[in-house]
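K.L.:
pasted the sequence and its predicted model underneath.
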Amino acid sequence: MPNTKPQITYAVSLHPSKEAEEIIASAVKALADASGNDFIVKSRIPPHITLGAFHATKEKEARLLELVKDFSRMQRPGKIQFTGIGSFKKKVIFLKPQKDRFLTKMNAELHKMLLKEFERAENGYYLPEIWVPHTALATRINQAQFAQAVKIAEQIKLPLETEAKEITLYQCHPSFAELKRFPLG
C-alpha cells in the first residue's frame, strides 16, 4: 500500500533587518487597513523572501529542520535591495528585491541540498529557473482593491536596502507557524 501520510508544506525564508521589517510591516498594515484585506496581518506573516517551498510528512520535520540549520551555517549574511513594486496577476502586490548573486546563489544552493530528500511545493514556483524573489505586501486582493493597494505600496521609499542575517523554516499548510529561525553563518 502506498504511503498515505499527509504532506505538509514548508517554506524556507530569508528575513530583512528589524528596521526594514518594521518599514515593510507598516506598509502591509496600511494596505490591510485601506483595502479591508487583512490576510497577511491576521495570519501574522512577517516580511520575508521565500527561498523555497517543500513537502514533507510530520515525521520528516526534524530532518528538514536539521538540513535548514546546516544550510544556514554554510551561508553568509548579505545585502538585499528592494527596487520596485510588482504584482502577480493583480492578486498579490509585492516589493521586488534586486535578483542578484546573493539571492540567486542562496536559492539554488537551498534547492540543491533539499530536493535530494524533499519534494518541491507551490507548483515549483520557487525553483531556481523560474523563481521571482518577492516580499508580499498584500495577497488575495480583488480588482477593486488592486489600484488602491498599488497607490499605497508606491509610498514606500525605494530603493530600500537591508541586510539579511537569518532564515526561518515555516510550516505553511495546513496552518501557518514559524518553526525555527537560524542565523546565517
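P.N.:
Structure's in. What do you need? On a predicted model such as this, the values are computed, not experimentally measured, just so you know.

K.L.:
residues near the closest residue to residue 76 other than its chain neighbours, how many?
P.N.:
Among residues not flanking residue 76 along the chain, residue 185 sits closest, at 5.2 Å (CB to CB, 6 or more residues apart in numbering). (Glycine included, C-beta is placed from N, CA and C.) Using other CB atoms under 10 Å, residue 185 is surrounded by 11 other residues.

K.L.:
and the pLDDT for residue 185?
P.N.:
For residue 185, the model assigns a pLDDT of 94.

K.L.:
in stretch 167-184, what's buried?
P.N.:
Within stretch 167-184, the residues that count as buried by 16 or more other CB atoms under 10 Å are 167, 168, 169, 170, 171, 172, 173, 182, 184.

K.L.:
and those residues as CSV, adding secondary structure and distance to residue 138?
P.N.:
Compiled in CSV, these are given as follows (DSSP: H, G, I helix; E, B strand; the rest coil; distance: CB to CB, whole Å):
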residue, secondary structure, distance to residue 138
167, strand, 23
168, strand, 21
169, strand, 24
170, strand, 19
171, strand, 22
172, strand, 18
173, strand, 20
182, strand, 28
184, coil, 28
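
K.L.:
CSV for these, including distance to residue 160?
P.N.:
Shown next, in CSV, are these (distance: CB to CB, whole Å):
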residue, distance to residue 160
167, 19
168, 20
169, 25
170, 23
171, 28
172, 25
173, 29
182, 24
184, 19
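
K.L.:
out of those, which is nearest to residue 156?
P.N.:
Distance ranking of the buried residues of stretch 167-184 against residue 156, using CB to CB, places residue 168 first at 22.4 Å.

K.L.:
what bridges to that closest one?
P.N.:
residue 13, residue 181 (DSSP bridges).

K.L.:
quick one, what contacts it?
P.N.:
Counting by CB atoms under 8 Å, 6 or more residues apart in numbering, residue 168 touches 12, 13, 15, 48, 178, 179, 180, 181, 182.

K.L.:
how about 7 Å then?
P.N.:
13, 15, 48, 178, 180, 181 (CB atoms under 7 Å, 6 or more residues apart in numbering).

K.L.:
of the residues you listed, just say which sits nearest to residue 126.
P.N.:
When the contacts of residue 168 are compared against residue 126 (criterion: CB to CB), the nearest one is residue 13, at 10.1 Å.

K.L.:
can you give me the buried ones in the longest helix along the chain?
P.N.:
As assigned by DSSP state H, the longest helix anywhere in the chain is helix 18-35. Residues 20, 21, 23, 24, 25, 27, 28, 30, 31, 32, 35 are the ones in helix 18-35 that count as buried (16+ other CB under 10 Å).
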